[in-house]
Structures are given as C-alpha cells and as structure tokens.
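The sequence and its predicted three-dimensional model are supplied below.
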Amino acid sequence: MKRYEHIAQEVAAMIRSGSLSTGERAPSMRQLRRDRRVSPGTVRRAYELLQERGYIEALPRSGFYVTSHWRTVPPEPRISQPVTRSTSPDVAELIFLVLEAMRERRLVPFGSAFPSPTLFPLDELGRELGETARHLNPWSTVEDLPPGSLALRRQIALRYQRFGVDVVADEIIVTAGGLEAINLSLRSVARPGDVVAVESPAFYGYLQAIESYGLRAVEIPTHTRDGVDLECLAAILKRHPVRACCLMTNFQNPVGALMPDEKKNRLVKLLGAHEVPLIEDDVYSELFFGAERPRPAKAYDRKGLVLHCNSFSKCLAPGYRVGWVAAGRFARTVERRKAVGTIATAVPIQEAISAYLRRSAYERHLRSLRRALQEQQGCMLRSIQAHFPRGYRVTRPAGGYVLWVELPSSIDGSQLHRLAIERGISVAPGPIFSPRREFRNCIRLNYGYPWDAKLEEAMRTLGSVISELGAGFQERSSDERRLDRDPE
C-alpha cells in the first residue's frame, strides 16, 4: 500500500468510527504533513482520494470538511483488462457517427467533449482580439510562422517555470489546438506500421489519429484513479516494438485518472530506459479541484523524450483553436511538420491570448472555472445516484469535467446512445474509446454545463432509458431460458 493510501485509510477509519463527525473540519493538510512527516504531494493525493470516496469535501478558502456521502458512494469502475496484442484501430466511422449526433444544439450535451462556452471570458477575449488586430504589426504575419508568436511562447514558458517545469520558448511550437499538437507529435516520432501504446480506455482522438496514419495500437490496463499500470507497460515494452506512448497523466479522458507525481517519475524513467517517446496530452491540468496544479510527466524528463501537448481550448478559449507542444528533442521536426501542414495558427488570436495571459484576469477566471466545475460534478453525481438504477459504478475525478460510468453488463452503451438521442440527450458510448470497440456497457458523461432543471430532468430520463434497457434484457433472457426448456 502506498503512503498516500495508508494516510487516506487512517482518516477514513476516523470518519467511519465517528471520531470525526459529519460537518466537522478534517485535519489540515499542513497538520497531516507535519504529523506524518510526508511530502505535500503525498498528503494532497490522500485528500484527493478521500474526496473521490466521499469522505470529505473542499470548501473554497475554508478547508476540508467531513461529509456523509461515503455511506452511499457507488463503487469505482473496475480496472480495464484489455488484450495486450497490438491492433489496427477500426473506430473512425463509429466515432464520426457519434460526434455528428453530438453537434446538434437541441440535445442535452452529456456526450459533448467540451464544457459550456458560458463558463469562459469570451467577451474579454473578444475585446482583446479587437485591440490586438487594430495594432498588429503587419510583419508579424510572417515572423510568427512556425514555431509561432514569440510573445505567446514566452508566456507559455513562464507558466511552465511557475509550476516547476524547465521548458524554454524555443522548445514550444504553437498549434491549431491540442489535437493538432497530438497529431504532429505522432507523425514526428512514428511511421506507418509502428506500434503506439495507449490507455484503456483511451481518448478517441488518439485512436482516430493512429488509424488514419496506419499505426497500430497496444492497450495498457488503466485504473480510474491513478492511471496506467506501469508493470503491465513494462511487460509490453519488452514484448512489443513500441515506438511511442500516448497518455494523459492528469484527469485522463474518459476516466478522469490523476497519476501521482511519483508514478509520473517512474513512467518517464521506464520509457527513457527504452528510448520510447511519451506524447503527453495535458489539456485538463488547469482544471484541478485540489490546492495545487498537478505537475506533468514533462517535469521529470531529462532526455527530451516527452512531447508535452496542451491547449487553451479547455481552460480559456474554446473555438479559438490555440494549442502547443513542448517537443523536447523533437522540436525542429514538429516545427517542420507544422510548416508543411497548416503552415501557421492565426496570428491575431495568438497575440490576443498572449496579451490576456499577461493580466491577472486569467488566474481569476481559472479559479472561478474550477469552482463551477467542482460544483457541477457534485450535482451530476447526486443526480446519477437519484435517477440511475442500481448496479452502476462511477468515477469521482479530482479535476476535469467528465465522468466514466460502468453500467450493468446487460446494458449496451451504443444502444443507450441511440435511444438517448431520440429523447434529446447525447452520451458518449464506451466503444468509441477502444480500438477493439470494447467497454460496451460504459458511457462517458460531461458535467461541464451549469446545472439546472433541464439537466436534472435529462438525467431522470436517461435513468429511465437505462432501466428500460435492463428490463428488456431480463425479459429476453427469460424467453431464451423458456425456449431452452421447451424448443417446440
């Protein structure tokens, strides 16, 4: 048992025994750190685990308080058990069908990959964009070709340094969103036929890219709490000629896993020993609910093997399509691929975001966004508990805006998706997150929209559809058993 798990177990035992009562303030993180003589990261991870399990909740600027949710918190989804043979993904058509349905404005967007645009300072950004466009140096349209605006890359590098990560502006290439950063990185380190290791379940954007570039995927079992199984990854690296590893270490989409710092360090060392590049997708790292922003695996990179991909789409400017990759030893290769592909990301938008980052307004916005998302997660979890039939499992991530729900094995997530669309609700079915279309009985839900009566009613409807599917399966099973007994 890890140190943080041991500390969490001790505090949970105090709550279960009544030594700490509901509504009472939990021991401060500083006190626990001093009493147990452990690092701040260990205590933080213990408290994140206690939050996930419903023992405590964080109140802004007040600390942690004991809750009674642990008495009724459903279990977490089980760790995945994928086939560890490489395969050519065959999910693009299924993904496009699902995404096409999700774009309809009339649908309640539980299946969306984006949070509500109302949570972002789009008016402020619009004014900044207008001001920037009026005073734009005409030569910047040439000078800011790849790797991108120097002013923006310097602001990004400053944020890395602020969080203890050694990245310089020359290593950063600005891209048209985080997904382009991933695609450029993949094409820079792998060739058709190569094997890429991915999480299981994995973000469908990786699977689309791997399929379109003629690559093969090998899946790594992934825990919903702390990410990929490193022992299994080590075994895969010995058995397969893995050319790259594509992972989310912070609030992984779709399960929300947060890899602890110590595990990130071991991951980087393991891949470094095999000279395997890590493409780290970190687009959710600013959306943390704890006291500190989680560090990326890039922080432990000493060989330049980590290509750290990020974006402003999830935390500041959806629709502006500005991302980047801190590409380490591959920076020049990524820059050239960007130059011969989309050439450049819109210069006025780069300059507008750079100007916004120089102001304190960005940090105020992030604090407000995190509070909203944490409150909305609580609303969705309570609604699931109120309206879903028994037998489900659900994650309680410490950041981001998606939940992974494992339904009873009788429920088909793709069928649920189709029936929900008919009722005006979108969900993301589990098979789009697997190169082999597994996770048939799972769905991903988005809590990134302000909670209201419409969303509550949609959850009630979704629960009813799940109940109907379960009842229909039971009826079919009964008929099948009867026919087995009486084939005439």
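All right, it came through fine.

For the nearest residue to residue 413 once chain neighbours are set aside, give me its contacts.
Leaving aside its sequence neighbours, residue 413 sits nearest to residue 429 (C-beta to C-beta, 6 or more residues apart in numbering; 3.8 Å). C-betas here are computed from N, CA, C, even on glycine. Residue 429 is in contact with 98, 413, 414, 416, 417, 442, 443, counting by C-beta atoms under 8 Å, 6 or more residues apart in numbering.

of all the residues you listed, which two lie farthest apart?
Taking C-beta to C-beta, the two most distant members of the contacts of residue 429 are 98 and 442; they sit 13.5 Å apart.

The two: who's more crowded?
Per other C-beta atoms under 10 Å, whichever of residue 98 and residue 442 has more neighbours is residue 442, with 26 against 22.

Quick check: that one vs residue 342, distance?
34 Å (C-beta to C-beta, to the nearest Å).

And residue 184, by the same measure?
9 Å.

gap between residue 28 and residue 8?
On the measure of C-beta to C-beta, residue 28 and residue 8 end up 15 Å apart.

Check residue 295 too.
Going from residue 295 to residue 8 by C-beta to C-beta gives 20 Å.

quick one: which of these two has more around it?
Neighbour comparison, residue 295 and residue 8: the larger count goes to residue 8, with 24 against 20 (by other C-beta under 10 Å).

Surely the more buried one touches residue 46?
Yes. In this structure, residue 8 is within contact of residue 46 by C-beta atoms under 8 Å, at 4.3 Å.

picking that back up, are any of the contacts of residue 429 buried, and if so which?
Buried by 16 or more other C-beta atoms under 10 Å: 98, 413, 414, 416, 417, 442, 443, out of the contacts of residue 429.

Which of those residues fall within helices?
Secondary structure defined by DSSP state H assigns 98, 413, 414, 416, 417 of these to helices.

and the residues you listed as CSV, adding pLDDT and distance to residue 3?
Output for those, formatted as CSV (pLDDT from 0 to 100; distance: C-beta to C-beta, whole Å):
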residue, pLDDT, distance to residue 3
98, 81, 41
413, 95, 37
414, 93, 41
416, 96, 40
417, 94, 41
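
could I get those as CSV with distance to residue 158?
Below are those laid out as CSV (distance: C-beta to C-beta, whole Å):
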residue, distance to residue 158
98, 38
413, 43
414, 45
416, 45
417, 42
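
Name the nearest of those relative to residue 386.
Among those, and counting by C-beta to C-beta, the member closest to residue 386 is residue 416, at 18.3 Å.

Who are the contact partners of that closest one?
Residues in contact with residue 416, defined by C-beta under 8 Å, 6+ apart, are 407, 427, 429, 443, 465, 466, 469.

make it 7 Å
By C-beta atoms under 7 Å, 6 or more residues apart in numbering, residue 416 lies in contact with 427, 429, 443, 465, 466, 469.

swap in residue 178?
Each residue near residue 178 by C-beta under 7 Å, 6+ apart is listed here: 281, 283, 309, 310, 311, 313, 323.

now swap in residue 286 and tell me
Applying C-beta under 7 Å, 6+ apart to residue 286 gives the contacts 293, 315, 366.

a markdown table for these, including distance to residue 435, pLDDT and secondary structure?
Below are the contacts of residue 286 laid out as a markdown table (distance: C-beta to C-beta, whole Å; pLDDT from 0 to 100; DSSP: H, G, I helix; E, B strand; the rest coil):
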| residue | distance to residue 435 | pLDDT | secondary structure |
| --- | --- | --- | --- |
| 293 | 31 | 92 | coil |
| 315 | 28 | 95 | coil |
| 366 | 34 | 96 | helix |
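
which of those tops the neighbour count?
residue 315 (21 neighbours).
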